[in-house]
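Trainee: Provided below are the primary sequence and the corresponding predicted coordinates.
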Amino acid sequence: MKTIKKIIGIVILALVFASFTSLIQDEWIVPEKYQNMSNPTDADVDLSIGKSLYNKHCKSCHGKEGYGDGTKAEEQEGDLGDFSSEEFQAQTDGALFYKTTFGRDDMPEYTKKMPDDEDRWLIINYMRTLEE
């Protein structure tokens, strides 16, 4: 009987540990250097370029309004986020720059497709307009 209780206890601990580690893995850690980075572009200038770049590189997954409902969204495994949400909009420009630059999981790295940092900053300016 004690052996069964020990086995059940071990199984429960293993499940709790597995749940906890999956939560940690889902968090996207952004280095402080990027968290504190300021957007060097003017949000009021070249917004149409940011929108055009968004439509070319982001819309197919993230959708026209940034709801994560693009034509390729079903093919992705992770949460594509909702760019209109308070949680998304509360992120710093630097954090968004880091995520769009380096990617992870289904989110591709954009340093090769879009080597000019300014282009990614312009996309961030456009994503800010998707706020509800």
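Mentor: That came through, no problem. Small disclaimer: the values here were computed from a predicted structure and weren't measured. Numbers count the residues shown, from 1 in each chain.

Trainee: the bottom helix or strand of the protein by mean pLDDT?
Mentor: helix 2-26 (a mean of 55; mean pLDDT, DSSP states H and E).

Trainee: with adjacent residues omitted, what lies nearest to Met107?
Mentor: Lys99 (6.8 Å; C-beta to C-beta, 6 or more residues apart in numbering). From N, CA and C alone the C-beta is placed, and that goes for glycine too.

Trainee: that neighbour: helix or strand, and which one exactly?
Mentor: helix 93-102 (DSSP states H and E).

Trainee: and the most centrally placed residue in the chain, what pLDDT?
Mentor: Nearest to the mean C-alpha position of the chain, by C-alpha atoms, centre = their mean, lies Lys99 at 5.7 Å. Looking at Lys99, its pLDDT is 97.

Trainee: need the contact list for the residue nearest to Met107.
Mentor: 28, 30, 107 (C-beta atoms under 8 Å, 6 or more residues apart in numbering).

Trainee: I would like the residues contacting stretch 86-95, please.
Mentor: 30, 34-39, 66, 81-83, 121, 124, 128, 131.

Trainee: and for stretch 113-125?
Mentor: Residues contacting stretch 113-125 (C-beta under 8 Å, 6+ apart): 39-41, 43, 46-47, 49-50, 53-54, 57-58, 93, 96-97, 100-101, 110.

Trainee: nothing else from me, thank you.
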